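Student: quick one, what's the 3D model for this:
(one chain, ligands or ions: 1)
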Amino acid sequence: MSNNKDFDLFRTSDDHEELRAAVRAVAQDKIAPHAAEADELAAFPKASYDALVASDFHAPHIGEAYGGVGADALATCIVIEEVARVCAASSLIPAVNKLGTMPLILAASDEIKAKYLPPVARGEAMFAYGLSEREAGSDTASMKCRARADGDGWVLNGQKSWITNAGVSSFYTVLAVTDPEGKRGSNVSAFVVEKSDPGFTFGDLERKMGIKGSPTRELIFEGCRVPGDRMVGAPGEGLKIALATLDHTRVTIGAQAVGIAQGALDFALGYVKERSQFGKHIAQFQGIQFMLADMAMKLEAARQLVYVAAAKSERGDKDLSFFGAAAKCFASDVAMAVTTDAVQLLGGAGYVKDYPVERMMRDAKITQIYEGTNQIQRIVMARQLLKA
Ligand SMILES: Cc1cc2nc3c(=O)[nH]c(=O)nc-3n(C[C@H](O)[C@H](O)[C@H](O)COP(=O)(O)OP(=O)(O)OC[C@H]3O[C@@H](n4cnc5c(N)ncnc54)[C@H](O)[C@@H]3O)c2cc1C
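Tutor: Okay, here's the model as predicted:
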């Protein structure tokens, strides 16, 4: 074996692994006990939120300058992964706090950052992200939500659809067309909207297949006036900021997918060592062993890709778009495959709610859809490949 120290560089640091152990303990003790109930009742897991806030894992990416703990992109992924391992819905608390605030971190004025990031870091407020519309999902540039200049402020009219943590969040980054006659894609601006702003209401809770503990609702703007100093970045830069945000946060969805898959694999490993058929534990059948090996192999490949993408997010590498899309796309496909196989390994027990793998299989599906479907991720990857 070589003593070359460079080999040491290609692994997570001791700090990252200590963080993993700390998050795993909180997840196991304080979040896992509420996961099935949050799913069953489709109720936001307030106890899990409180546990995340108490341990500073609710918005770990926020920098120390704003009262946060300043976790790097890989550390943030590890937090999300470990929470998702027991409860995917709860992992959307740190994930969407990052999604909602990333436009501010990338492009907002110092005043906006100083006003809105500290309450999120303190756990007093959550931050959501409103880009998609009912008729403008993959084709974000065709959005209709409008912000009209009015004196020294803006008046918003329109809606945003399927917004994660809507209603439970105090603050929202909202993308709206500010120049209807302007060039497609360059006519959109980003705003911070507060839950208490007059003219801002929510649609009913969506009834979903999975991540049921994470509320998903429409944002509805009817003559909603926001002050001029709430614009994030310059007029017309909104979509650029929104897409740059996704380059970073798709990595966190990859981490969520890895966590869901790990939770399912861990549960299945325990089960096959206990369950007996034909006079032996089913773990002794080679057909089962090959399934387990494939699940673990795919999962580890996904994890490595997510961690490399996280390092690129932290450094702001030029090829982040490719890696963010690749990590999210690959890891979410792996999560779907691994959770489906976990259900298979439990047989009939896998299909009923007495065990967590059926929830994990339902939860995994969304990772192939949100923050851009996996078809869109392939478009993003191909665009970067062909540009070179
Ligand atoms: C639970 C949940 C939470 C969400 N949270 C948020 C949130 O917090 N904030 C937010 O802004 N949005 C959120 N979304 C919206 C999500 O990002 C969109 O649903 C997603 O981007 C897809 O858009 P769409 O649903 O309109 O699908 P469509 O764009 O209508 O796509 C339908 C199908 O066509 C395919 N397709 C579309 N265009 C192409 C193409 N050019 N080439 C090949 N295939 C294509 C898609 O891949 C898909 O398979 C959430 C959605 C859900 C379900």
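
Student: tell me how far the residue of the stretch 101-250 of the chain found nearest the ligand lies from E124.
Tutor: Minimum separation of the stretch 101-250 of the chain from the ligand (Cβ to the nearest ligand atom) falls at G137, amounting to 1.7 Å. Every C-beta, even on glycine, is put in place using the N, C-alpha and C of the backbone. Using Cβ to Cβ, to the nearest Å, one gets 32 Å for the distance from G137 to E124.

Student: which parts of the chain sit against the ligand?
Tutor: Taking Cβ under 6 Å from any ligand atom as the criterion, the neighbours of the ligand within the chain are 128-132, 137-138, 162-164, 208, 216, 366, 369-373, 375-376.

Student: now Q256: closest residue in space, sequence neighbours ignored.
Tutor: Spatial nearest neighbour of Q256, excluding adjacent residues (Cβ to Cβ, 6 or more residues apart in numbering): A84 at 4.5 Å.

Student: tally of neighbours for that neighbour?
Tutor: A84 is surrounded by 34 other residues when neighbours are defined as other Cβ atoms under 10 Å.

Student: could you do P103 as well?
Tutor: Residues near P103, counting by other Cβ under 10 Å: 27.

Student: lowest-pLDDT helix or strand in the chain?
Tutor: When the helices and strands of the chain are compared on mean pLDDT, DSSP states H and E, helix 6-9 comes out lowest with a mean of 61.

Student: just the buried residues of the residues of the chain next to the ligand.
Tutor: When neighbours are counted using 16 or more other Cβ atoms under 10 Å, the residues of the chain next to the ligand contain these buried positions: 128-132, 137, 162-164, 208, 216, 366, 369-372, 376.

Student: so which strand or helix has A32?
Tutor: helix 32-41 (DSSP states H and E).

Student: likewise D204?
Tutor: Counting by DSSP H and E, no helix or strand carries D204.

Student: gap between it and S161?
Tutor: Distance check for D204 against S161: by Cβ to Cβ, it reads 12 Å.

Student: quick one, which of the two is more surrounded?
Tutor: S161 (19 against 7).

Student: ok, now which ones touch the nearest residue to the more buried one once chain neighbours are set aside?
Tutor: Of all residues not flanking S161 in the chain, R134 sits nearest, at 4.5 Å (Cβ to Cβ, 6+ apart). Residues counted as contacts of R134 (Cβ atoms under 8 Å, 6 or more residues apart in numbering) are Q159, S161, E218.

Student: quick one on the thing from earlier: show me what the helix holding A32 is packed against.
Tutor: Under the contact definition 3 or more Cβ pairs under 8 Å, 6 or more residues apart in numbering; DSSP states H and E, helix 32-41 sits against helix 46-54, helix 88-107, helix 357-366.

Student: point out the most buried one among the ones you listed.
Tutor: Burial of these is given as mean neighbour count (mean count of other Cβ atoms under 10 Å); helix 88-107 ranks first at a mean of 27.

Student: take that helix, keep the C-alpha atoms, and write them as PDB.
Tutor: Output of helix 88-107 as PDB, limited to C-alpha atoms (Å, rounded to 0.1, in the frame of the first residue of the first chain):
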ATOM      1  CA  ALA A  88     -37.800  12.000   4.100                       C
ATOM      2  CA  ALA A  89     -40.500  14.600   4.900                       C
ATOM      3  CA  SER A  90     -38.300  15.900   7.800                       C
ATOM      4  CA  SER A  91     -35.300  16.100   5.600                       C
ATOM      5  CA  LEU A  92     -37.100  18.700   3.600                       C
ATOM      6  CA  ILE A  93     -36.700  21.100   6.500                       C
ATOM      7  CA  PRO A  94     -32.900  21.600   6.100                       C
ATOM      8  CA  ALA A  95     -33.200  21.000   2.300                       C
ATOM      9  CA  VAL A  96     -35.900  23.600   1.600                       C
ATOM     10  CA  ASN A  97     -34.400  26.100   4.000                       C
ATOM     11  CA  LYS A  98     -31.400  25.900   1.800                       C
ATOM     12  CA  LEU A  99     -33.500  26.000  -1.400                       C
ATOM     13  CA  GLY A 100     -35.400  29.100  -0.300                       C
ATOM     14  CA  THR A 101     -32.400  31.000   1.000                       C
ATOM     15  CA  MET A 102     -29.900  30.100  -1.700                       C
ATOM     16  CA  PRO A 103     -31.100  32.900  -4.100                       C
ATOM     17  CA  LEU A 104     -30.400  35.300  -1.200                       C
ATOM     18  CA  ILE A 105     -27.000  33.900  -0.500                       C
ATOM     19  CA  LEU A 106     -26.100  34.000  -4.200                       C
ATOM     20  CA  ALA A 107     -27.500  37.400  -5.200                       C
END
